[in-house]
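Asks: Model the following, please.
(one chain, ligands or ions: 1)
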Amino acid sequence: MLQKNNGQSDIAGSGDVPEDAGNGSGTTPAADQVVTARRKWLALLLQDRFACAAVLILIGVALCAVLGPLLIGDLATRQNLRDPGREPFSLDHGWAFFLGSDSLGRPVAARLMAAAGTTLSVAVPAVLCSLVVGSVWGMWAGYHGGWRENVSLRIADVILSFPSLLLAVVVLYVFSPSASGIVLVLAVARIPVYLRTARAESAELRSRLFMDAARTFGTSSWASIRRHVAPTVLPTLLTVAALDFCFVMLTESSLSFLGIGIQPPDVSWGLMVAQGRQELQSSWWIAVFPGLAIVVTTVSATVLAAWARLATDPGQRWRHGLRRGGRGRLSRPATGAKGARQSSTAETAAVMAGAEPEHGPTPSGSEIEHAPAVPEAAPHPPAVPEAEAEPAPAKPGAAPAPGDRASTRADTLTVDTLTVDGLSVDIRTATGPLPVVRGVSFAVRSGETLALLGESGCGKSMTAHAVAGLLDPAAEVVGGQALLEGEDLLALGSRARRRLAGPGLAIVFQDALSALNPVQTVGAQLAEPFRIHERLSRRAARAKAVELMERVGIPEARSRAGAYPHQFSGGMRQRLLIAMAVALRPKVLLADEPTTALDVTVQAQIMDLLRELRSEQRMALVLITHDLGLVAEHADRVAVMYAGTVVETGPVAEVFGKPNHPYTRGLLESVPAEQHKGTRLNSIPGSPPDPRSVPSGCAFRLRCPMARDLCATHLPVLAATGTDRAAACHFGKELADA
Ligand SMILES: Nc1ncnc2c1ncn2[C@@H]1O[C@H](COP(=O)(O)OP(=O)(O)OP(=O)(O)O)[C@@H](O)[C@H]1O
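Replies: Sure thing, here's the model as predicted:
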């Protein structure tokens, strides 16, 4: 059971594993983790023979660069004019002449080794500098958007408008040619390539739900970039960097050919190609071998980057298994392509998570979906008191059972936790502001469930996003307040908002797959709120994450914490999202259609879980839905929305028993129910108005059977129609008294 402990959220049951807990082997757990992580990467690398070959080649090149000068002494520069242009593939004059000699009698093999060091000392720093600066800049610009993005792109455009070779020629002519000068010029010239790539991917990620989810528990912009943007963008950038490696080497060779690159007696592969080009017909080997060195090194870097891209993308790792052509542990099983993908992904992720695949198959989504919300063996019995146990579902339209939940709970509820007052949101469009939320007001108290009910497009999500501070940049709050225990959320600066996010207000989104980061394990994502707000170590936060997973009914939570969102079923993903939202025991939880994409069985499990958590944590729950059945069964009070405004509000049982607004009445009459059996179902004629063409006066009047002339000229306001009830209808009181 989740318990409050000295102001800190704590989950009773398995306590935190102490940070410094030893493992009995004399090594620290942190050191063990590093060793295990290295083994995992090595295991993945060994599954790809091309990547292995690429690594060996690159290690060879690096060794040549480092050890070459020691092995060859001055062989690379010593001229032997009596014996120039010696042909390759003969060991008569020693290994140094195996690849022939150039027109000055210098051995090509020795020169290749000497040149490896010079070439790498230019290409590697140039690529690394442009990669680091361009990527960080691009991710920052893309994440924030607006002027930062525009200014960054214009700077990139200016740099890109100069051909990089021309830029290098101009700069190196003005300043004297040197290796560090070449590195600097090439690094600057290539920054826009990374900037643009990182910006584009980051801007795309900016609008993804899992970024919104991170913002709801107060992740700062740099932390979001580091944890969510960088892991997604990096694989692409690494591939670009590998290709850039070739470009930089070739540019350096062109500069050397022009006499402003590497200066003799130093030698680089590019310079060797440039010098050998003049004698290509008579002594082909002088240019061909350094050319081959450039190609082989570049291809190796590209292969390694492609491997890294697959290895760091959890959705792609299964390909490593398939590449082995059916051999080995991660090979394609004989159950068809889909099965192969699932199995390989699960096993590969198990390897990455440090689990032994021999432990048996990972439970499939369908196997684990029907697990009870609270596992039998879990140390967290459901905390719903007997008195709060759910009555049989109320049928929409039917009168509530005597002693309904709303009226019994009302005794214990006094102060509103969240009060939304006159909230208005506009969307900026080319033709001017478009009002999509108009003066919405409602209040919800601790331990209570308020349903925001309405047809699609009536502004429910906009309202929730405005309160949570997650509005699209095109949308803007133009009026109203959202008071969380008296503090206006809409007036807070971003820092104060981050402090409050998570422990104050959290949100559960409809599409759990989009709301979870696909390239992070669920354990890492669930640990994030604890790391940010409680500053827990990685290990302690992870332990809390596992406890949370157990609490929301994820079986085998400890081993499943290392899995990725796509390895869970829809219902389990929704549980994970709920776990993430309630991790910091928020005072208010906004649940935006949390069960729409789920089947009825899973829907019931998720709603039961939300109810249990609400009771345990005494949260105020705002349930956003268009499902009247869900409202009847799970909400205490309801605010019915139409065309961006609240048209009726009150206790669910009373509103559904005797609606005071013709729209609510129409909604209830259009739902099939026992008492409608054998009669023709009524439906509201027409459809909700587009925000661009909301009728004058009452927005519902064109569909309303009670509309009069007054409705076209006077906008009805939300007015009391009874105790704790209100309706925005000129005839609300009439309906209430009927
Ligand atoms: N970026 C946008 N640009 C223009 N209009 C928008 C934008 N986002 C939302 N809208 C409009 O705002 C209105 C309210 O949208 P909102 O998503 O809040 O509706 P909703 O009641 O949550 O619907 P649903 O139940 O389908 O999610 C809709 O008419 C929608 O078309």
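Asks: give me the residue from the stretch 1-150 of the chain nearest the ligand.
Replies: residue 145 (14.2 Å; C-beta to the nearest ligand atom). Yep, even glycine has a C-beta here, placed from its N, CA and C like the rest.
Asks: my guess is that residue meets residue 203, correct?
Replies: Yes - at 6.5 Å, residue 145 and residue 203 qualify as touching, with contact defined as C-beta atoms under 8 Å.
Asks: just to revisit the earlier point, please list all residues in contact with the residue of the stretch 1-150 of the chain closest to the ligand.
Replies: 203, 206, 473 (C-beta atoms under 8 Å, 6 or more residues apart in numbering).
Asks: now residue 154
Replies: Counted by C-beta under 8 Å, 6+ apart, residue 154 has zero contacts.
Asks: What helix or strand is it located in?
Replies: Secondary-structure assignment from DSSP states H and E places residue 154 in helix 146-161.
Asks: Off-centre distance for that helix?
Replies: 25 Å (C-alpha atoms, centre = their mean, to the nearest Å).
Asks: The stretch 351-500 of the chain against the ligand: which residues are in contact?
Replies: 427, 436, 454, 456-462, 472, 474 (C-beta under 6 Å from any ligand atom).
Asks: What's the separation between the residue of the stretch 501-650 of the chain found nearest the ligand and residue 451?
Replies: Residue nearest to the ligand within the stretch 501-650 of the chain (C-beta to the nearest ligand atom): residue 626, separated by 5.5 Å. In this view, residue 626 and residue 451 are 10 Å apart by C-beta to C-beta, to the nearest Å.
Asks: quick one: which of those two has more around it?
Replies: A direct count of neighbours by other C-beta atoms under 10 Å for residue 626 and residue 451 places residue 451 higher, at 28 against 18.
Asks: Quick check: phi and psi on the residue nearest to the spatial centre of the chain?
Replies: Note on the chain: the residue nearest the mean C-alpha position is residue 517, at 3.4 Å, using C-alpha atoms, centre = their mean. Note on residue 517: its backbone torsions stand at phi -70, psi 120 [degrees, to the nearest 10].
Asks: Need the per-residue pLDDT for it.
Replies: pLDDT, residue 517: 84.
Asks: In three-state terms, label the nearest residue to it once chain neighbours are set aside for me.
Replies: Once flanking residues are discounted, residue 517 sits nearest to residue 210: 4.5 Å by C-beta to C-beta, 6 or more residues apart in numbering. Following DSSP: H, G, I helix; E, B strand; the rest coil, residue 210 is assigned to helix.
Asks: can you check residue 181 too?
Replies: Once three-state DSSP is applied, residue 181 turns out helix.
Asks: again with residue 589
Replies: Assignment for residue 589 (three-state DSSP): strand.
Asks: Turn the contacts of residue 145 into CSV, including pLDDT, secondary structure and neighbour count.
Replies: Output for the contacts of residue 145, formatted as CSV (pLDDT from 0 to 100; DSSP: H, G, I helix; E, B strand; the rest coil; neighbours: other C-beta atoms under 10 Å):
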residue, pLDDT, secondary structure, neighbour count
203, 84, helix, 18
206, 78, helix, 18
473, 78, coil, 10
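Asks: Within range of the ligand, give me the residues from the stretch 551-700 of the chain.
Replies: So the stretch 551-700 of the chain meets the ligand at 626, 691 (C-beta under 6 Å from any ligand atom).
Asks: can you pull out the strands in the stretch 551-700 of the chain?
Replies: 588-592, 620-625, 637-642, 645-651 (DSSP state E, counting those that start in this stretch).
Asks: Now those strands in a markdown table, please, with extra columns for mean pLDDT.
Replies: Formatted as a markdown table, the strands of the stretch 551-700 of the chain follow (pLDDT from 0 to 100):
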| stretch | mean pLDDT |
| --- | --- |
| strand 588-592 | 92 |
| strand 620-625 | 93 |
| strand 637-642 | 96 |
| strand 645-651 | 95 |
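Asks: Would you reformat the ones you listed as TSV and include mean neighbour count?
Replies: Formatted as TSV, these follow (neighbours: other C-beta atoms under 10 Å):
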stretch	mean neighbour count
strand 588-592	26
strand 620-625	26
strand 637-642	27
strand 645-651	27
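Asks: Next, format the ones you listed as a markdown table and append distance to residue 605.
Replies: Rendered in a markdown table, the data for the strands of the stretch 551-700 of the chain read as follows (distance: least, C-beta to C-beta, whole Å):
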| stretch | distance to residue 605 |
| --- | --- |
| strand 588-592 | 14 |
| strand 620-625 | 16 |
| strand 637-642 | 23 |
| strand 645-651 | 26 |
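Asks: Indicate which one of the ones you listed is closest to residue 555.
Replies: Closest of the strands of the stretch 551-700 of the chain to residue 555 is strand 588-592, at 23.1 Å (criterion: C-beta to C-beta).
Asks: Residues contacting the closest one, please?
Replies: 417-418, 444, 460-461, 464, 467-468, 484, 504-510, 581-582, 610, 613-614, 619-624.
Asks: what about stretch 467-478, how long is it end to end?
Replies: Its start and end residues considered, stretch 467-478 measures 13 Å (C-alpha to C-alpha, to the nearest Å).
Asks: buried ones in it?
Replies: Across stretch 467-478, burial judged by 16 or more other C-beta atoms under 10 Å covers 467-471, 475, 477.
Asks: Same check on stretch 418-425?
Replies: Those would be 418-420, 423-425, for stretch 418-425 by 16+ other C-beta under 10 Å.
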